[in-house]
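Asks: Give me the fold of what follows.
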Amino acid sequence: MSSTEYTELQRTIGQLRQCVGALRARYGDVPAVRRIANDIDRLDIDAGELVQPAHTPAPRQAEDVVVVPDTPYDPALWQGADDEGVGGYQR
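Replies: Below you'll find the predicted structure:
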């Protein structure tokens, strides 16, 4: 986005904020006005993200990986537990 486009976008967002101020003066702090104000805040945040360089997450490191073994768990871990949706174990 060029600086001219960003400046125009910021100007337009500012005009929207003024319009919301007029709506708030007329209708008060009703939920619809709060939602519109929230949408304008979101537009401002998104516009700011367009001019910042994209952040790419760092690649995962080998120590971040958790290996889950394929061997069965000890049945004692499930003693007295219920199967979800099935009910309790036969005792």
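Asks: just checking, what packs against the longest helix anywhere in the chain?
Replies: Looking across the chain with DSSP state H, the single longest helix is helix 3-27. Contact partners of helix 3-27 among helices and strands, from 3 or more CB pairs under 8 Å, 6 or more residues apart in numbering; DSSP states H and E: helix 31-51. Using the backbone N, CA and C atoms, a C-beta is placed for each residue, glycine as well.
Asks: Flag every buried residue along the longest helix of the chain.
Replies: 9, 16, 20 (16 or more other CB atoms under 10 Å).
Asks: Check those residues against residue 38 and report the nearest one.
Replies: Taking CB to CB as the measure, residue 38 lies nearest residue 20 of the buried residues of helix 3-27, at 9.9 Å.
Asks: now residue 72: how far from residue 78?
Replies: Noted for residue 72: a distance of 11 Å to residue 78, by CB to CB, to the nearest Å.
Asks: for residue 48, that is, sorry about that
Replies: Applying CB to CB to residue 48 and residue 78 gives a distance of 51 Å.
Asks: And the most centrally placed residue in the chain, what's its pLDDT?
Replies: What sits nearest the mean C-alpha location of the chain, by CA atoms, centre = their mean, is residue 42, with 11.5 Å. Model confidence at residue 42, given as pLDDT, is 96.
Asks: Residue 48 too?
Replies: 88.
Asks: Also residue 73?
Replies: Looking at residue 73, the pLDDT reads 85.
Asks: swap in residue 78?
Replies: 78.
Asks: ok, so what distance separates the residue lying closest to residue 16 once chain neighbours are set aside from residue 63?
Replies: Once flanking residues are discounted, residue 16 sits nearest to residue 40: 5.1 Å by CB to CB, 6 or more residues apart in numbering. Noted for residue 40: a distance of 43 Å to residue 63, by CB to CB.
Asks: Residue 11 now?
Replies: 49 Å.
Asks: Mind checking which of residue 40 and residue 63 has more residues around it?
Replies: Using other CB atoms under 10 Å as the criterion, residue 40 and residue 63 rank with residue 40 on top: 16 against 6.
Asks: I'd guessed that one sits against residue 14; true?
Replies: No - contact criterion CB atoms under 8 Å: residue 40 and residue 14 do not qualify, at 9.5 Å.
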